[in-house]
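In: Show me how the following folds:
(chains A and B)
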Amino acid sequence: QKEVEQDPGPLSVPEGAIVSLNCTYSNSAFQYFMWYRQYSRKGPELLMYTYSSGNKEDGRFTAQVDKSSKYISLFIRDSQPSDSATYLCAMSAWSFNKFYFGSGTKLNVKP
Amino acid sequence: DTGVSQDPRHKITKRGQNVTFRCDPISEHNRLYWYRQTLGQGPEFLTYFQNEAQLEKSRLLSDRFSAERPKGSFSTLEIQRTEQGDSAMYLCASSLEPEGEGEQYFGPGTRLTVT
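Out: Prediction:
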């Protein structure tokens, strides 16, 4: 079993839709959670990070963590064609010695 | 601050040759990570440095792979006797601890093709 599981998609939505991206994990030592966006043939770009259960909002993006269920989500409101990319979740224990990534969900926002 | 840079961006090599990649982290970032990413997969952790000390190394990293960060600034990743299975994107990331909160910033990657 992988440490982090993420549905690879692809996920196709119309412009303006609310997008929900999710990851599950098995290691209860994970305390720090991140979401990255990656365009084709580019390095990942950090979108959001959080280390507590609950919600964290930044513009059109909301990160949600449920440690009791070992489940994290990223919501994108008013999705735009420019949001079309692969979204990666990542997580770490407090030591930050090692980060574990999901396999990524490919999102396509249609105009 | 120009971000994390990596060189070269692309490398094509023949099986059995040695290759070396360079990563320049964000200035003053004390932590540096190397990852490997294959098509359709997320980045896979290879190794981690805090300043010049290599503190973590994936057991997936065979003895053909070696990484250094001699002065705690730039880092190199060398692959000896390359194999076709080494073809991947090699990503470098840096972060600042303890002032930061663990967030990593990635470079553009080096795409390796072994023929």
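In: CA atoms of the helix or strand in which A:Lys56 is found as PDB?
Out: Per DSSP states H and E, A:Lys56 falls inside strand A:54-58. Only the C-alpha atoms of strand A:54-58 are listed here, as PDB (Å, rounded to 0.1, in the frame of the first residue of the first chain):
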ATOM      1  CA  GLY A  54      -9.800  22.100   9.500                       C
ATOM      2  CA  ASN A  55      -9.900  24.500   6.600                       C
ATOM      3  CA  LYS A  56      -7.500  27.000   5.300                       C
ATOM      4  CA  GLU A  57      -8.500  29.500   2.600                       C
ATOM      5  CA  ASP A  58      -6.400  31.400   0.100                       C
END
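In: hang on, isn't A:Pro14 packed against A:Asp83?
Out: No - at 12.0 Å, A:Pro14 and A:Asp83 do not qualify as touching, with contact defined as Cβ atoms under 8 Å. Where you see a C-beta, it was placed from the backbone N, CA and C, and this is true even at glycine.
In: and chain A, which of its residues are near chain B?
Out: Within chain A, the positions near chain B by Cβ under 8 Å from any Cβ of the partner chain are A:4, A:6, A:8, A:32, A:34, A:36, A:41-46, A:49, A:51, A:88, A:90, A:92, A:96-104.
In: picking up where we left off before, overlap of the contact sets of A:Pro14 and A:Asp83?
Out: By Cβ atoms under 8 Å, 6 or more residues apart in numbering or on different chains, A:Pro14 and A:Asp83 have these common neighbours: A:Val109.
In: The two: which has the busier surroundings?
Out: Legend: neighbour count by other Cβ atoms under 10 Å in any protein chain shown for A:Pro14 and A:Asp83, higher for A:Asp83 (18 against 9).
In: phi, psi of that one?
Out: phi -80, psi -10 (degrees, to the nearest 10).
In: so who does A:Glu15 touch?
Out: Contact partners of A:Glu15, counting by Cβ under 8 Å, 6+ apart, are A:79-81, A:109-111.
In: And it, how far from chain B?
Out: Using Cβ to the nearest Cβ, to the nearest Å, A:Glu15 is found at 25 Å from chain B.
In: And that residue, how close does it get to A:Lys110?
Out: According to Cβ to Cβ, to the nearest Å, A:Glu15 stands 6 Å off from A:Lys110.
In: what about the strands in the chain?
Out: Just so you know, I chose chain A. When secondary structure is read from DSSP state E, chain A shows strands at A:4-6, A:11-14, A:19-25, A:32-38, A:45-50, A:54-58, A:61-66, A:71-76, A:85-92, A:100-101, A:105-110.
In: Can you look at chain B instead?
Out: Along chain B, counting by DSSP E, strands occupy B:5-7, B:10-13, B:19-24, B:31-37, B:44-50, B:53-57, B:65-68, B:75-79, B:88-95, B:105-106, B:110-114.
In: Noted, bye for now.
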